[in-house]
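# Return a 3D structure for these sequence lines:
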Amino acid sequence: MQVLLAIPAPYVSPSEYAKMTGETEGAIRGQLDKGDIPEYRHANAVSRTKGQGKRVTRYVDLTKITVERLRASGVSVFSK
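Below is the predicted model of the structure:
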């Protein structure tokens with residue numbers, strides 16, 4: 001038997017994930033810092049007003065969380 005799983009968004013901001021889980025944004029950021037929850041980093045374009053270098057935006061990786069939880073429960077996960 002196969003099941004198609006649709007994840008509404010592959011990545012969400014720490015503040016959005018905090019709303020989803022009922023935790024504070026600070027708690028979520030702390031978990032990201034410690035590696036307790038998977039993170040996706042997106043490098044933004046160079047800021048013209050702030051100088052050189054790319055700014056990195058951190059997101060919570062909902063896809064990895066979903067796959068990890070499914071595998072932990074014994075479900076075989078395949079992707080295309």
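
# elements contacting the helix or strand of the chain with the lowest mean pLDDT?
Ranked by mean pLDDT, DSSP states H and E, the weakest helix or strand in the chain is strand 39-46, scoring a mean of 79. Strand 39-46 makes packing contacts with strand 54-61 when contacts are defined by 3 or more CB pairs under 8 Å, 6 or more residues apart in numbering; DSSP states H and E. For glycine as for every other residue, the C-beta is placed from the backbone atoms N, C-alpha and C.

# contacting residues around whichever helix or strand comes after the strand it packs on?
Reading on from strand 54-61 to the C-terminus, the next helix or strand found by DSSP states H and E is helix 62-72. Applying CB atoms under 8 Å, 6 or more residues apart in numbering, the contact partners of helix 62-72 are 5, 7-12, 17, 37-38, 77.

# Of those, which belong to helices?
Counting by DSSP state H, the part of the contacts of helix 62-72 found in helices is residue 17.

# among the contacts of helix 62-72, which ones are buried?
11-12, 17, 37-38 (16 or more other CB atoms under 10 Å).

# could the residues you listed be laid out in TSV, adding distance to residue 58 and pLDDT?
Listed next are those as TSV, based on distance: CB to CB, whole Å; pLDDT from 0 to 100:
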residue	distance to residue 58	pLDDT
11	9	94
12	11	96
17	11	96
37	11	96
38	11	97
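
# Count the residues that sit near residue 70.
For residue 70, the neighbour count with other CB atoms under 10 Å is 14.

# just for the chain, where's the confidence low?
Applying pLDDT under 70 to the chain flags the ranges 1, 45-53, 80.

# Leaving out the residues flanking it, which one is nearest to residue 42?
Nearest non-adjacent residue to residue 42, counting by CB to CB, 6 or more residues apart in numbering: residue 57, 4.8 Å away.

# got the contact list for that neighbour?
41-42, 44.

# which stretch of helix or strand covers the closest residue to residue 39 other than its chain neighbours?
Once flanking residues are discounted, residue 39 sits nearest to residue 32: 5.0 Å by CB to CB, 6+ apart. For residue 32, the enclosing helix or strand under DSSP H and E is helix 25-34.
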